[in-house]
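Visitor: Pasted the sequence and its predicted model underneath.
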There are 4 protein chains.
Amino acid sequence: MIEGREIVAAGKLSYGMVGGGEGSFIGDVHRKAIAFDGLASLVAGCFSIDYDDTLRTAKKLHVSDDRVYENYVDMAREEAKRSDCIDFVSIATPNNTHFPIAKEFLNAGINVVCEKPLAIEEAEAAELSMLAKDKGLLFAVTYTYSGYAMVKHAREMIKRGDIGEIRVVMGEYAQDWLATKLEDTGNMQASWRTDPSQTGKSNCVGDIGSHIENTVSYMTGLKIDSLCSSLDSFVTGRKLDDNAEILVRFENGARGVYWASQVAVGHDNGLRVRIFGSKGSIEWEQENPNYLKVAFIGEPVQVLSRGGGYMLPSAAGVSRIPAGHPEGYYEAFANIYRNFATTLIKRKNGDDTSDADFPTVEDGLSGVRFIAKAVESSQKGSIWVSL
Amino acid sequence: MIEGREIVAAGKLSYGMVGGGEGSFIGDVHRKAIAFDGLASLVAGCFSIDYDDTLRTAKKLHVSDDRVYENYVDMAREEAKRSDCIDFVSIATPNNTHFPIAKEFLNAGINVVCEKPLAIEEAEAAELSMLAKDKGLLFAVTYTYSGYAMVKHAREMIKRGDIGEIRVVMGEYAQDWLATKLEDTGNMQASWRTDPSQTGKSNCVGDIGSHIENTVSYMTGLKIDSLCSSLDSFVTGRKLDDNAEILVRFENGARGVYWASQVAVGHDNGLRVRIFGSKGSIEWEQENPNYLKVAFIGEPVQVLSRGGGYMLPSAAGVSRIPAGHPEGYYEAFANIYRNFATTLIKRKNGDDTSDADFPTVEDGLSGVRFIAKAVESSQKGSIWVSL
Amino acid sequence: MIEGREIVAAGKLSYGMVGGGEGSFIGDVHRKAIAFDGLASLVAGCFSIDYDDTLRTAKKLHVSDDRVYENYVDMAREEAKRSDCIDFVSIATPNNTHFPIAKEFLNAGINVVCEKPLAIEEAEAAELSMLAKDKGLLFAVTYTYSGYAMVKHAREMIKRGDIGEIRVVMGEYAQDWLATKLEDTGNMQASWRTDPSQTGKSNCVGDIGSHIENTVSYMTGLKIDSLCSSLDSFVTGRKLDDNAEILVRFENGARGVYWASQVAVGHDNGLRVRIFGSKGSIEWEQENPNYLKVAFIGEPVQVLSRGGGYMLPSAAGVSRIPAGHPEGYYEAFANIYRNFATTLIKRKNGDDTSDADFPTVEDGLSGVRFIAKAVESSQKGSIWVSL
Amino acid sequence: MIEGREIVAAGKLSYGMVGGGEGSFIGDVHRKAIAFDGLASLVAGCFSIDYDDTLRTAKKLHVSDDRVYENYVDMAREEAKRSDCIDFVSIATPNNTHFPIAKEFLNAGINVVCEKPLAIEEAEAAELSMLAKDKGLLFAVTYTYSGYAMVKHAREMIKRGDIGEIRVVMGEYAQDWLATKLEDTGNMQASWRTDPSQTGKSNCVGDIGSHIENTVSYMTGLKIDSLCSSLDSFVTGRKLDDNAEILVRFENGARGVYWASQVAVGHDNGLRVRIFGSKGSIEWEQENPNYLKVAFIGEPVQVLSRGGGYMLPSAAGVSRIPAGHPEGYYEAFANIYRNFATTLIKRKNGDDTSDADFPTVEDGLSGVRFIAKAVESSQKGSIWVSL
């Protein structure tokens, strides 16, 4: 038995879900993440475009019949009429449907949590951002990796100036699952991701490159000024990029490289971010997420462990178990919902929410813009383009 | 969005909890672990010896008033009378109360999941073991580390004979939280753990040494023949051991060393097990639990990643997310409940449960015996004692 | 005592040195590297532009008076006249003197080993290359990292096609010694390296970026088609680059990123090369040089250890001590001389030298061209330039 | 080119060698180690019991004919008569001959460097120790691992009290080269090592266990009070131990475990020492020797890099190349000779030698005693024996 902190729900929220029907991986992750802290209950849903699937999923998840919807438009409109309307909707559908669904719920006055990418087109993302602002609604985009405790620690260190002015950023996200033509083997995931009609103009940058962009942006607060990218497809016959190398210039004068690859044999999910400042540096790896490598000029490299007494507040606040007890992907995901739900509860109580800490619709917009610009640069011959 | 497997509950169970009131860390872990797969709902509880605490906790957890109990005896007896009696009870109370509580529920005909150590005295543990058998009830002991996917993979490899006959086992569990006299600072956890009246005859072996014993036993199936131990207290004035070094002989002729320490500065929760056989070896570390180091004679060392296509069935079956997406402590804990609940459901359905895979009351009994013998050896001058 | 292979000199060579006087680090490294295998004796030298220094160094190194020279021109000409003329000269002088010195010795008909960079200007390097060819002389450039056994193993694996067609190359060389304005503190090394008049147009790319270029080229045999680079100086007032990020396109269609930095706080000498092919990948790190990470699609990652029975011939041939006994920087350096000397001896004996394996004047020329193009691209606004 | 320190010989020594003929690995290591710093020249030798081998080796090594000896007795006596007598002899012969050879040279008044183990019997080792003292001669035993810079850094930290009072020591030395019955395959090394008539009473403890003992003793200065060991042979038909597990009690009350194995599949030469004190801890691994893991209570773990500005004098003094440029096994070996030769030179000059820092005949005696006691404990049923 280990002593610890009990997660106490100050007030229970309710939510609905669009997507997450049979065969959906990420829908289940969303639900588990929400269940983690007991901050919200699933009470409504439209889990699939196939109504039978929705019905079966609803039954399995104990959603009562009157809140099971055949399509998301009905769901948004009907829920909005109820006195016990859901507090927020979670959208876990294919990329190209994020925009219309999120728009519908915002218009219905319902807070939104949406999978990334926020939209396919920058204009759509911008519209959602404006709409959320106009309506005064909370809007989170589930960039999972911002939820890790050590990422928050890094962010707070950087914000405090611990490593000085940032000079160089090295971000990489290496996977190998598309090293062969998996899309020809019947793998559904590979099929839609490499199909421009379902995915848009980029596969690799859109899927994982955008995680680099968000994680770096979240950690450092740096704005990208311009970029020069090479998006390539190494598997014969593949229509979209499976590898991307991007030079990045930030507004403060810092330089960076983002490398995203799905053909990097030997790598499962290797998101790694290294930030070099004038006084020190920080390194974080998603596959070993409970540790942070920190270095200061002239001193030995340090390895910080999540849960250590030296954790800064934003990280300590989401660190659930003692040091040395690994937290992983689910906890990172749960942290986004936790901070989102806490903010929502505070807002309902009229409390100050200036400490809100989750990726917002603005971050989602940045991500969509980043993807668009990376594609544009590469298509124009890997020239520099401004953001 | 990543494609994956949906966890489908074949039939929902209900459970009650003893312990896990305000300020309890491990009670919350049990509840989160159970919630993970939605296999069971909390419907009854006696969360504290302080009834007010129990009431507050029950309210927070949405347990209905009629199933909140002032003491565990009432709870066992009243639940047993109900047609919707809980399917199992989870016991998350201080060590010295495990025995009477578990006994009460077994006598009431209710399946049990109990925190380790199963009991203080070997005779008590043996009694529980016998009682569970007599009553035909399921009894799990939450040795967390057996729940990790890679531990299961190691176990299955060894069972298949991949590394040959086992020769040497090196087990260690290094922590540093008791490197200073924390019990004098008001730290509750440190106080009761180092107090013989609450903890029994051993602190360090009882708490973490027994995890080495269980993890090795789970992985290898080896039986300890005899041991020679040195239990020591390095912090002045501490009454129980904070470091233990144990030579181990197994029935098959293998040799081993178990080292458990709470004064190993620089280590958080460093459970590490290395198994050397006549053909190969396996190494696993709890703080980096998604990987397994495997070596065969004359070949390069391999690093297996949880989620890889080469995972064996028992590991693949509890691997929830794709390779490279870290699973941690909660998932390991959840896996114990998952396999326990699945077995319970099968049993209710009259299905075959010969593939049941969770630490049982027998493992709990082994653990209590191991602790007792380690203490005995050390007290008699670090002589060899048989098990 | 461990059994092993005795290094037997088939015939002892003699050599002279230009540079390597008092206070020179690299001169001593050259001499130690040559002494390692006893393949050549130092018999002549002009160790400094300061003749007194030359005299003192000569005495210390037991070079006989009649072969100590006041300047390199005399040395080349006088040695050439002797019947016991040195077999080769080692040049360990400042960068901007490599060209005239090497040229002098080539014209005198003496084989050359020269520090990198081969020259400041591409035309000079080309001239040396042509001259060596015309004269039929051996010319090695001491790109140290090509000497490591595991780099040779990687090279041979790639040559055999083990990892398939190369798709992506990630090369980085991270240091932090210039993270502050060290050149203002009297540090000699920092002063000349950041001074355009002594170093040429690039500090960081010239010094360490060129090691990435050579190591990748040595390992893969790939030719660079074009590059796009950003050379930056992050320390206020510094005149040359201290960080460089370079996108690289290879002639076979592969893509790459080279990152060289001297402001990467926390890194000492972090040369790391990762090669991704259609079947597998290879990763090597200079700071942990006795290991190679190798991955094949769908299999666990492997860690190869120098000295293992699976080593390929070119690596096994330079592996001096058993696996697990670390070899380091000196051994890598010694291996270049060993292969150079062995080739020289073979040539003297009229033997086949087609297996010669050391970085040549051609590699030196490639390096100079690479530096020039990286500077050109950056100066023109980080545009793509062809090589 | 990197700036550095030139190794300057204050006065050149001469040495002779016994052993190190054809096929000897370690003889060559000794010679390379000595050659590294140019502090001594090989001028005499008796390289083998086979005189033809001696003659061939002498020729290859440029030893002049008049100082090539048919046996070591002649060598000791003849050299002693010369005005230019060797300054020291290096003994690199099989274990059971160390004693008579060393004794002969001591009696001849010649300083000795001897391979470990110093002798087979404790009485022999004690005699050598006494003799060296009586004669006032320098006597080094080449416990290689004490030569690593980071081991010296650890030692100096501990001496300064940085990690407080030592509580726990974990030493291990894991190899796998004897995991199969290699001695039956014609492997010479395996044959003599596992043959009691050539090796004495222990193979594994004698060969590598004694390195743990020495490295720990060198780092910590702790004296062993008593031990309890299990020496086992896991390969059928093998006559001597191939695995040993030893509980250790130190005079200051610290506890430890030493594990030495030659059947630990997946390990090449895994010497690892972890020292835990009341304030901090230190960890060092031979296969990654340029780094030291250091932890202090409540602080992040630190990774020190050889060559860092924070190196303590005894380590900085033997650190030859900048941080990040790996030093290895040869450099460690060379450091022993370097410190030995420096002390010898100082002594010849009448200088103070109180800072002498190399493993002495006393350390060799400790090692022999340790081996004897480990064997005794195990033979008597793994009981505790005092040292």
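Guide: That came in fine, so what should we check first? Residues are numbered from 1 along each chain as shown, chains lettered A, B, ... in the order given.

Visitor: A:G38 should be in a helix, yeah?
Guide: No. Assigned with DSSP: H, G, I helix; E, B strand; the rest coil, A:G38 falls outside any helix and is coil.

Visitor: quick one: it and A:A334 touch, right?
Guide: No. Applying C-beta atoms under 8 Å, one finds A:G38 not in contact with A:A334, separated by 10.6 Å. Heads up, the C-betas are built off the backbone N, CA and C, glycines and all.

Visitor: what's the burial count for A:K32?
Guide: For A:K32, the count of nearby residues is 23 (other C-beta atoms under 10 Å in any protein chain shown).

Visitor: Which positions in the stretch 151-300 of chain A make contact with chain D?
Guide: Neighbours of chain D within the stretch 151-300 of chain A, by C-beta under 8 Å from any C-beta of the partner chain: A:294, A:298-300.

Visitor: buried subset of the residues you listed?
Guide: The neighbour-count test (16 or more other C-beta atoms under 10 Å in any protein chain shown) marks A:294, A:299-300 as buried among these.

Visitor: and A:M75, what does it touch?
Guide: For A:M75, the contact set (C-beta atoms under 8 Å, 6 or more residues apart in numbering or on different chains) comprises A:16, A:18, A:44-46, A:69, A:89.

Visitor: how far away is it from A:V68?
Guide: A:M75 sits at a distance of 9 Å from A:V68 (criterion: C-beta to C-beta, to the nearest Å).

Visitor: overlap in contacts of the two?
Guide: By the contact definition C-beta under 8 Å, 6+ apart, A:M75 and A:V68 are jointly contacted by A:44-46.

Visitor: closest to B:P117 among those residues?
Guide: Nearest to B:P117 out of these is A:G45 (C-beta to C-beta; 43.4 Å).

Visitor: and that closest one, what element?
Guide: strand A:40-46 (DSSP states H and E).

Visitor: now for that strand, which elements pack on it?
Guide: Using 3 or more C-beta pairs under 8 Å, 6 or more residues apart in numbering or on different chains; DSSP states H and E, the elements in contact with strand A:40-46 are strand A:13-19, helix A:25-36, helix A:51-60, helix A:72-81.

Visitor: what would those look like in CSV with mean pLDDT?
Guide: Below are the helices and strands packed on strand A:40-46 laid out as CSV (pLDDT from 0 to 100):
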stretch, mean pLDDT
strand A:13-19, 97
helix A:25-36, 91
helix A:51-60, 96
helix A:72-81, 98
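
Visitor: Between these, which one is closest to D:K133.
Guide: Checking these against D:K133 by C-beta to C-beta gives helix A:25-36 as the closest, at 69.9 Å.

Visitor: what secondary structure does the closest residue to A:R347 other than its chain neighbours sit in?
Guide: Distance criterion C-beta to C-beta, 6 or more residues apart in numbering or on different chains; nearest residue to A:R347, sequence neighbours excluded, is A:T353 at 5.4 Å. Under three-state DSSP, the three-state class of A:T353 is coil.

Visitor: Strands of the stretch 51-200 of chain A, start to end?
Guide: A:88-92, A:111-114, A:139-141, A:166-174 (DSSP state E, counting those that start in this stretch).

Visitor: hang on, the earlier thing: right, so the helices and strands packed on strand A:40-46: which one is the most enclosed?
Guide: Most buried of the helices and strands packed on strand A:40-46, by mean neighbour count (mean count of other C-beta atoms under 10 Å in any protein chain shown): strand A:13-19, with a mean of 25.

Visitor: Using CSV, list the CA coordinates for it.
Guide: Output in CSV follows, covering the C-alpha atoms of strand A:13-19 (Å, rounded to 0.1, in the frame of the first residue of the first chain):
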residue,chain,number,x,y,z
LEU,A,13,-20.1,16.3,-15.5
SER,A,14,-21.9,14.4,-18.3
TYR,A,15,-20.8,14.0,-21.8
GLY,A,16,-21.7,12.6,-25.1
MET,A,17,-19.6,11.0,-27.8
VAL,A,18,-19.7,11.2,-31.6
GLY,A,19,-17.7,8.3,-33.1
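
Visitor: Domain-wise, how is chain A divided?
Guide: What automatic domain parsing lists as the domains of chain A is A:13-137, A:148-319+A:363-386.

Visitor: Up against chain B, what does the stretch 251-387 of chain A have?
Guide: Within reach of chain B by C-beta under 8 Å from any C-beta, the stretch 251-387 of chain A has these residues: A:267-270, A:286-290, A:305, A:307-308, A:320-331.

Visitor: filter those residues down to the ones close to chain C.
Guide: Restricting these to those within reach of chain C (C-beta under 8 Å from any C-beta) leaves A:H267.

Visitor: Among the residues of the stretch 251-387 of chain A next to chain B, name the ones in strands.
Guide: A:270, A:305 (DSSP state E).

Visitor: hmm, the helix or strand of chain A with the lowest mean pLDDT in reach of chain B?
Guide: In chain A, no helix or strand scores lower on mean pLDDT, DSSP states H and E than helix A:196-199, which sits at a mean of 88. No. Helix A:196-199 does not reach chain B (C-beta under 8 Å from any C-beta); its nearest approach is 10.8 Å.

Visitor: Buried by neighbour count: which residues of that helix qualify?
Guide: Going by neighbour count (16+ other C-beta under 10 Å), the buried part of helix A:196-199 is A:T199.

Visitor: Not counting it itself, show me its contacts.
Guide: Contacts to helix A:196-199, defined as C-beta under 8 Å, 6+ apart, come from residues A:94-96, A:192-193, A:206, A:239-240.

Visitor: Between those residues, identify the one with the most neighbours.
Guide: The most neighbours of any of the contacts of helix A:196-199, using other C-beta under 10 Å, belong to A:G206, which has 27 neighbours.

Visitor: any idea what sits nearest that one, other than its immediate chain neighbours?
Guide: Closest to A:G206 by C-beta to C-beta, 6+ apart is A:I371, at 5.0 Å.

Visitor: Tell me the helices and strands packed up against the helix or strand containing the one you found.
Guide: Here A:I371 sits within helix A:361-379, counting by DSSP H and E. Helices and strands touching helix A:361-379, by 3+ C-beta pairs under 8 Å, 6+ apart, are helix A:122-135, strand A:139-141, helix A:210-220, strand A:224-232, strand A:243-250, strand A:384-386.

Visitor: Buried deepest among the ones you listed, which one?
Guide: For these, ranked by mean neighbour count under the definition mean count of other C-beta under 10 Å, the leader is strand A:139-141 at a mean of 27.

Visitor: quick one: is it near chain B?
Guide: No. Strand A:139-141 does not reach chain B (C-beta under 8 Å from any C-beta); its nearest approach is 13.0 Å.

Visitor: Off-centre distance for that strand?
Guide: For strand A:139-141, the distance from its own C-alpha centre to the chain's C-alpha centre is 9 Å (C-alpha atoms, centre = their mean, to the nearest Å).

Visitor: which residues are contacting it?
Guide: With C-beta under 8 Å, 6+ apart as the test, strand A:139-141 has contacts from A:102, A:106, A:111-116, A:118, A:128-129, A:132, A:336, A:340, A:358-361, A:363-364, A:367.
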